[in-house]
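A.B. asks: let's see this in three dimensions:
(6 chains)
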Protein chains: 4
Amino acid sequence: MHDSAPSPRALKKRDQILDTALKVFAREGFAETDVQVIADLAKVGKGTVYRHFGNKRELFLATARHSVEKLSEFLREQVKEGSSSVQILREIATSYARYFELHPESVEIMIQERASFREQVFPTHLMHRAETRNEFETFLNQAMAAGELRQVDVADVTNAFADLLYGSVVSGCLEGAKGSLLQRVDRAIDIFLHGLLPTAQVS
Amino acid sequence: MHDSAPSPRALKKRDQILDTALKVFAREGFAETDVQVIADLAKVGKGTVYRHFGNKRELFLATARHSVEKLSEFLREQVKEGSSSVQILREIATSYARYFELHPESVEIMIQERASFREQVFPTHLMHRAETRNEFETFLNQAMAAGELRQVDVADVTNAFADLLYGSVVSGCLEGAKGSLLQRVDRAIDIFLHGLLPTAQVS
Amino acid sequence: MHDSAPSPRALKKRDQILDTALKVFAREGFAETDVQVIADLAKVGKGTVYRHFGNKRELFLATARHSVEKLSEFLREQVKEGSSSVQILREIATSYARYFELHPESVEIMIQERASFREQVFPTHLMHRAETRNEFETFLNQAMAAGELRQVDVADVTNAFADLLYGSVVSGCLEGAKGSLLQRVDRAIDIFLHGLLPTAQVS
Amino acid sequence: MHDSAPSPRALKKRDQILDTALKVFAREGFAETDVQVIADLAKVGKGTVYRHFGNKRELFLATARHSVEKLSEFLREQVKEGSSSVQILREIATSYARYFELHPESVEIMIQERASFREQVFPTHLMHRAETRNEFETFLNQAMAAGELRQVDVADVTNAFADLLYGSVVSGCLEGAKGSLLQRVDRAIDIFLHGLLPTAQVS
DNA sequence: CATGAATGAGTTTTCATTCAT
DNA sequence: TATGAATGAAAACTCATTCAT
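C.D. replies: The predicted structure follows:
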């Protein structure tokens, strides 16, 4: 009837469902997932899942959002202010990799989201979110102004940085991938910072 | 039963189906695709599709393989020998981008393949193919020996290069993406070559 | 998932489906039966049929089992203790025939089961069931000991008796068969008891 | 165009198909049989099968007929005139059993025919065939007239005899059946001849 | 005549979603 | 609110039959 704030009880059940959904969607993929399985593993009735999320699509989207939020949180915790810009750049990348190493299901969710919903839904992936993007570009501008980074179009850097991370994570999590994801990203960032060309660089 | 060589007639029908499948799988995604639709658009009976490919999964995989082969071919045509190593690196990236700009469906197929089949199947994506990989790493080694590129672990460079391209293509093809894919990749490679750090580089 | 006791409601629906399935399988044969038809006639959704029985094969097997159980019950009700052994033998045969005359669909189910599942499944046909068989052979032994029947190998008698009944029922239910099944079985048992050879029997 | 007699070449191919069909129908059952499999095993094109038999149903029926004819032939070869009536009766039963022991596929065909076509088609099973039936009843009449058999309604005897054989063969061929079919039939006929009642019989 | 590629009607089975309890 | 039984739309896949070569 009324639209009061959700009870803590309801919130708990919600999270219980989201956590289960994350595992199942990641393991089976969106299309292959049977909502009944999520309900069973979350120890709730199927009706409850639908009460909370409306339909399978929304359940998935909520799961993806939840996943990105946890990633965001993790990044904020990990990346400390006060370091040099380059250090921060490295820390972002490293934390990003570490997060996905700790939560490989999140990679699958990210991939499933892209595969099943494409442009139709607002892309929840971190670097694409306007807010984060702005924040990041401001950071880049300051670093360039301070002479810590080369003067390059910040949008281009943002794109390249995000694309490199995205590609590394997606490729680095495949069964066959050798070495840790963390290492893969670290090396990639190294090249990204120093470039491939022979040079007499500062840092 | 029989294992005779396929008639040219059969091959033609096969390609007819594959071309249609590419479009439909790209538009709808693997799970959402109804084989009947492919059959209808390819102007063949559904039975014919199954006769040629056995099941939906194999049809998709054949489509993906077909797609990679066309990309491979395109790259070999576009990337001319005789240029400088850096030039070749750029040409690979550019051609790669140009291909996907010409055939945006191929991006979707690549994504769908990763999303629906993961590590279960041999990854057909170009840079993952051992053969291509070896070829590429040999090229890098030569370039480094010639002093055209910095001395870096070739495996790391290959990974980073491939991941950057993959990420750029996947992100750059989304509806919301501004600018052309070609531009996005071009700028990314630029940064990748020169690095982000302030420097007094040669080229 | 859950394994709680089925509710009476569920049991009712189960029986409703089984009764319909008996009719349809008998009329159309196993392979020719469309589960949709059973669902429609049972006034339930097709999903409900599958929820209860898993698949067509299990539905059929459950139907066959159900049918045998009803036959068993009928026989126990009809065949009264206390008569002479010969009388009981006749009563078994007669009741058997009467049952199939009342429920001709059961004959078809029996035939379909043999035709579609052969030795793969435990033969549910009455006389084949070890339990009933032992019971029957004990009865024969007593009758022979009491001098009411000739001394013959009980296993052979059981086989012959069962085979004769089975054959009579299967043949006697065909469209073209003249006379009632009851009569056919009665006459067959008569010959079976007295033999074909000319004789001066006691009766 | 014209309707000339089939060439010996055609007849050979016909038999080749029928022999294969017998095996496949027996192994898979009517509904489960794929005509393509028969064609492959018979080393002819599928079209050829259809040219010769029109459709699957007719192919099966021809197979069943073929099977009965071979049984008939076998019986005529095996059952010698000149023996006593009782001896002939035994020989019919024994030969019948022996035939099915030699050709277990024929049992399955018989069962499949009953299961899939019931009364719809003229029953090809031996004892049901009017011609054979008349012949058999004439034989019984003579035996009774000669005092070799008890005076019983010949139609009843024929039914019982046929039903007993049918039931024995169908039951005796199941995987689990102990002892040989021949033995089972032999013992059954023994009881059938002498009866179950205690007696002072002649033979 | 022989062949086997092509066809599409027909069936099984699944699962998102609803709703009575 | 929570539940899970019921539903039926939707899709994969098969195979009898046809017919162009």
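
A.B. asks: wasn't residue A:149 part of a strand?
C.D. replies: No - Residue A:149 sits outside any strand when classified using DSSP: H, G, I helix; E, B strand; the rest coil, being coil.

A.B. asks: burial of the closest residue to it other than its chain neighbours, as a residue count?
C.D. replies: With Cβ to Cβ, 6 or more residues apart in numbering or on different chains as the criterion, residue A:149 has its nearest non-adjacent residue at 4.5 Å, and that residue is residue A:143. C-beta here means a position set from N, CA and C on the backbone, and glycine is covered the same way. Using other Cβ atoms under 10 Å in any protein chain shown, residue A:143 has 20 neighbouring residues.

A.B. asks: same question, residue A:140
C.D. replies: When neighbours are counted by other Cβ under 10 Å, residue A:140 comes out with 22.

A.B. asks: for it, pull up the helix or strand it's in.
C.D. replies: Assigned by DSSP states H and E, residue A:140 belongs to helix A:130-145.

A.B. asks: which of the residues in that helix are buried?
C.D. replies: For helix A:130-145, the buried set under the neighbour-count rule, 16 or more other Cβ atoms under 10 Å in any protein chain shown, comprises A:132, A:133, A:136, A:139, A:140, A:143, A:144.

A.B. asks: reformat those residues as CSV; add pLDDT.
C.D. replies: Output for those, formatted as CSV (pLDDT from 0 to 100):
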residue, pLDDT
A:132, 82
A:133, 85
A:136, 90
A:139, 93
A:140, 94
A:143, 94
A:144, 94
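
A.B. asks: nearest to residue C:81 among these?
C.D. replies: Nearest to residue C:81, judged by Cβ to Cβ, of the buried residues of helix A:130-145 is residue A:132 at 86.8 Å.

A.B. asks: go ahead and confirm that closest one touches residue A:72.
C.D. replies: Yes - counting by Cβ atoms under 8 Å, residue A:132 touches residue A:72, with 7.5 Å between them.

A.B. asks: okay, the angle between the helix ranked longest in chain A and helix A:130-145?
C.D. replies: Ranked by residue count, the top helix of chain A under DSSP state H comes out as helix A:56-78. Computed by axes from the mean of the first three to the mean of the last three Cα atoms, to 10 degrees, the angle separating helix A:56-78 from helix A:130-145 equals 30 degrees.

A.B. asks: tell me the phi and psi of the residue of chain A found nearest DNA strand E?
C.D. replies: Closest contact between chain A and DNA strand E, by Cβ to the nearest atom of the strand, is at residue A:55 (3.3 Å). Dihedral pair for residue A:55: phi -160, psi 180, per degrees, to the nearest 10.

A.B. asks: quick check, pLDDT for it.
C.D. replies: The score at residue A:55 is 97. That number is its pLDDT.

A.B. asks: and if you look at residue A:147?
C.D. replies: pLDDT at residue A:147 comes out at 92.

A.B. asks: what sits against it?
C.D. replies: residue B:198 (Cβ atoms under 8 Å, 6 or more residues apart in numbering or on different chains).

A.B. asks: name the next helix or strand downstream of the longest helix of chain A, please.
C.D. replies: Using DSSP H and E, the first helix or strand after helix A:56-78 is helix A:85-102.

A.B. asks: quick check, residue A:194 in contact with residue B:193.
C.D. replies: No - taking Cβ under 8 Å as the definition, residue A:194 is not a contact partner of residue B:193, at 10.4 Å.

A.B. asks: show me the common contact partners of these two, please.
C.D. replies: Common neighbours of residue A:194 and residue B:193 (Cβ under 8 Å, 6+ apart) do not exist.

A.B. asks: residues in contact with stretch A:58-78?
C.D. replies: Residues outside stretch A:58-78 that contact it (Cβ under 8 Å, 6+ apart): A:17-18, A:21-22, A:25, A:30, A:35, A:38, A:49, A:52-53, A:91-92, A:94-96, A:98-99, A:103, A:105-106, A:109-110, A:112-113, A:116-117, A:121, A:124-126, A:129, A:132.

A.B. asks: could you do stretch A:33-41 as well?
C.D. replies: Contacting residues not belonging to stretch A:33-41 are listed as A:17, A:20-21, A:23-25, A:28, A:45-46, A:48-50, A:56, A:59, C:1 [Cβ under 8 Å, 6+ apart].

A.B. asks: check the closest residue to chain C within chain A and give its pLDDT.
C.D. replies: Closest contact between chain A and chain C, by Cβ to the nearest Cβ, is at residue A:40 (5.4 Å). Note on residue A:40: pLDDT of 97.

A.B. asks: which SSE is immediately downstream of the host helix or strand of it?
C.D. replies: Element membership for residue A:40 (DSSP H and E) is helix A:35-41. Using DSSP H and E, the helix or strand that follows helix A:35-41 in sequence is helix A:46-53.

A.B. asks: what helices or strands is that following helix leaning on?
C.D. replies: Under the contact criterion of 3 or more Cβ pairs under 8 Å, 6 or more residues apart in numbering or on different chains; DSSP states H and E, helix A:46-53 touches helix A:8-28, helix A:35-41, helix A:56-78.

A.B. asks: quick one: buried residues of that helix?
C.D. replies: Quick answer for helix A:46-53 (16+ other Cβ under 10 Å): A:48, A:49, A:52, A:53.

A.B. asks: you'd agree the second one is up against residue A:17?
C.D. replies: Yes - under the contact definition of Cβ under 8 Å, residue A:49 touches residue A:17, with a separation of 5.9 Å.

A.B. asks: hang on, the earlier thing: got the CA positions of the helix or strand that the helix holding residue A:140 is followed by in PDB?
C.D. replies: Following helix A:130-145 in sequence order, the next helix or strand is helix A:154-172 (DSSP H and E). Output of helix A:154-172 as PDB, limited to C-alpha atoms (Å, rounded to 0.1, in the frame of the first residue of the first chain):
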ATOM      1  CA  VAL A 154      42.400  13.500 -21.500                       C
ATOM      2  CA  ALA A 155      39.400  11.900 -23.100                       C
ATOM      3  CA  ASP A 156      41.800   9.800 -25.200                       C
ATOM      4  CA  VAL A 157      43.800   8.800 -22.200                       C
ATOM      5  CA  THR A 158      40.700   7.900 -20.300                       C
ATOM      6  CA  ASN A 159      39.500   5.800 -23.200                       C
ATOM      7  CA  ALA A 160      42.800   4.100 -23.700                       C
ATOM      8  CA  PHE A 161      43.300   3.500 -20.000                       C
ATOM      9  CA  ALA A 162      39.800   2.100 -19.600                       C
ATOM     10  CA  ASP A 163      40.000   0.000 -22.700                       C
ATOM     11  CA  LEU A 164      43.300  -1.500 -21.700                       C
ATOM     12  CA  LEU A 165      42.100  -2.400 -18.300                       C
ATOM     13  CA  TYR A 166      38.900  -3.800 -19.700                       C
ATOM     14  CA  GLY A 167      40.700  -5.900 -22.200                       C
ATOM     15  CA  SER A 168      43.200  -7.100 -19.800                       C
ATOM     16  CA  VAL A 169      40.600  -8.200 -17.300                       C
ATOM     17  CA  VAL A 170      38.500 -10.000 -19.800                       C
ATOM     18  CA  SER A 171      41.400 -11.800 -21.400                       C
ATOM     19  CA  GLY A 172      43.300 -12.400 -18.200                       C
END
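
A.B. asks: so is residue A:174 in a helix, a strand, or just coil?
C.D. replies: coil.

A.B. asks: list only those of the contacts of stretch A:33-41 flagged as buried.
C.D. replies: A:17, A:20, A:21, A:23, A:24, A:25, A:48, A:49, A:56, A:59.

A.B. asks: ok so, going back, can I get the helix holding residue A:40 in PDB, CA atoms only?
C.D. replies: Only the C-alpha atoms of helix A:35-41 are listed here, as PDB (Å, rounded to 0.1, in the frame of the first residue of the first chain):
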ATOM      1  CA  VAL A  35      15.700 -18.000 -11.600                       C
ATOM      2  CA  GLN A  36      14.500 -21.000  -9.600                       C
ATOM      3  CA  VAL A  37      18.100 -21.900  -9.000                       C
ATOM      4  CA  ILE A  38      18.900 -18.500  -7.600                       C
ATOM      5  CA  ALA A  39      15.800 -18.700  -5.400                       C
ATOM      6  CA  ASP A  40      16.800 -22.200  -4.100                       C
ATOM      7  CA  LEU A  41      20.400 -21.200  -3.300                       C
END
